[in-house]
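Peer 1: Mind folding the following:
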Amino acid sequence: MLEALAAGVPVVQPGSGVFPELLDMTGGGVLYEPNNPDALADAIAELLLDPDRARELGARGREAIFEKFDIDQTAAEMVRIYGEIARKFA
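Peer 2: Sure, this is the predicted structure:
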């Protein structure tokens with residue numbers, strides 16, 4: 001999902017697990033009702049029939065990925081988290 005967003009491709013994901021949170025963070029796609037093939041088909045069809053919206057979601061997702069999931073930022077956050085854990089057990 002993150003790779004698709006980084007490439008500017010809007011995603012269609014089930015509204016369960018981590019997907020709602022990631023789409024809330026990125027704005028790069030749409031959710032559908034899990035385990036409902038008709039809902040999935042409808043969500044895909046909506047994007048196919050509205051290419052402007054699909055492009056907008058793709059652009060929004062790409063921007064968010066590069067802003068929020070930058071490798072330097074991610075590495076720094078991991079070091080911070082590991083430091084907190086290490087201090088608890090020191």
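Peer 1: ok, now which ones touch the residue nearest in space to the middle of the chain?
Peer 2: Using Cα atoms, centre = their mean, the residue of the chain that lies closest to the mean C-alpha position is Leu22, 3.9 Å off. By Cβ atoms under 8 Å, 6 or more residues apart in numbering, the residues touching Leu22 are 1-2, 13. Quick note: C-beta positions are derived from backbone N, CA and C, even for glycine.
Peer 1: Show me which of those is closest to Leu57.
Peer 2: If you rank the contacts of Leu22 by distance to Leu57 using Cβ to Cβ, Gln13 comes first, at 11.8 Å.
Peer 1: For Val11, which non-adjacent residue is spatially closest?
Peer 2: Gly29 (3.5 Å; Cβ to Cβ, 6 or more residues apart in numbering).
Peer 1: From Ile81, how far out is that neighbour?
Peer 2: 27 Å (Cβ to Cβ, to the nearest Å).
Peer 1: More neighbours: which of the two?
Peer 2: Gly29 (24 against 10; other Cβ atoms under 10 Å).
Peer 1: now the strands for the protein?
Peer 2: 11-14, 29-32 (DSSP state E).
Peer 1: I'd like those laid out as a markdown table, including distance to Arg55 and mean pLDDT.
Peer 2: What follows is those, written out as a markdown table (distance: least, Cβ to Cβ, whole Å; pLDDT from 0 to 100):
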| stretch | distance to Arg55 | mean pLDDT |
| --- | --- | --- |
| strand 11-14 | 14 | 98 |
| strand 29-32 | 12 | 98 |
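Peer 1: of the ones you listed, which approaches Arg53 most closely?
Peer 2: Using Cβ to Cβ, those put strand 29-32 closest to Arg53, at 9.1 Å.
Peer 1: returning to that earlier point: so for Ala59, which of the strands of the chain sits nearest?
Peer 2: strand 29-32 (11.8 Å).
Peer 1: What helices and strands are in contact with that closest one?
Peer 2: strand 11-14, helix 19-26, helix 37-49, helix 51-68 (3 or more Cβ pairs under 8 Å, 6 or more residues apart in numbering; DSSP states H and E).
Peer 1: All set now, cheers.
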